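Participant: coords below, sequence missing:
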Ligand SMILES: [Ca+2]
Ligand SMILES: [Ca+2]
Ligand SMILES: [Ca+2]
Ligand SMILES: [Ca+2]
């Protein structure tokens, strides 16, 4: 299994695995596989399995890679949402608005920009992390 397939997961209840299918040996893989666990998952690293059924739909099956299920807004992947993640987001925001490209991880609503809506999502994710259950 190649280890360079980028995987990212969001929220304990729904994780999205994005990976780039490489046509040489990974041409069968979907460009995006939405992993929707039937039960709520704790933050952590999971192995997911992806397979293809007779109708061509992708289901959980063959082992793809370890999927980190992270807090929303945990950009550096160290399983917290703290100052370092704020710095990461602010940096991406400034880069976007100064024409230096878009960091897709910071475009929470996937509408192609990093704007006020994404700030709101990040701020509420930060507050959620620091709010005791
Ligand atoms: Ca973090
Ligand atoms: Ca940290
Ligand atoms: Ca956006
Ligand atoms: Ca927008």
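Facilitator: Received the coordinates, thanks. Model, not experiment: these values are computed from the prediction. Ligands and ions are numbered 1, 2, ... in the order given.

Participant: So which bits of this protein are right by ligand 4?
Facilitator: 111, 113, 115, 117 (C-beta under 5 Å from the ion). (Glycine included, C-beta is placed from N, CA and C.)

Participant: List the contacts of the nearest residue to the second one once chain neighbours are set aside.
Facilitator: Leaving aside its sequence neighbours, residue 113 sits nearest to residue 107 (C-beta to C-beta, 6 or more residues apart in numbering; 6.6 Å). When the contact criterion is C-beta atoms under 8 Å, 6 or more residues apart in numbering, the partners of residue 107 are 113-114, 118.

Participant: Turn these into JSON lines, including pLDDT, secondary structure and neighbour count.
Facilitator: Shown next, in JSON lines, are the contacts of residue 107 (pLDDT from 0 to 100; DSSP: H, G, I helix; E, B strand; the rest coil; neighbours: other C-beta atoms under 10 Å):
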{"residue": "113", "pLDDT": "96", "secondary structure": "coil", "neighbour count": "14"}
{"residue": "114", "pLDDT": "97", "secondary structure": "coil", "neighbour count": "24"}
{"residue": "118", "pLDDT": "95", "secondary structure": "helix", "neighbour count": "20"}
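
Participant: From the residues you listed, list the ones also adjacent to ligand 3.
Facilitator: 113, 118.

Participant: which among the contacts of residue 107 gets closest to ligand 2?
Facilitator: residue 118 (19.9 Å; C-beta to the ion).

Participant: give me the number of residues near the closest residue to the closest one other than its chain neighbours?
Facilitator: Using C-beta to C-beta, 6+ apart and skipping the chain neighbours, the partner closest in space to residue 118 is residue 108 (4.8 Å). Burial of residue 108 is recorded as 20 neighbouring residues (other C-beta atoms under 10 Å).

Participant: check contacts around residue 124.
Facilitator: Per C-beta under 8 Å, 6+ apart, neighbours of residue 124: none.

Participant: Is it correct that it falls within a helix?
Facilitator: Yes - Residue 124 forms part of a helix when assessed by DSSP: H, G, I helix; E, B strand; the rest coil.
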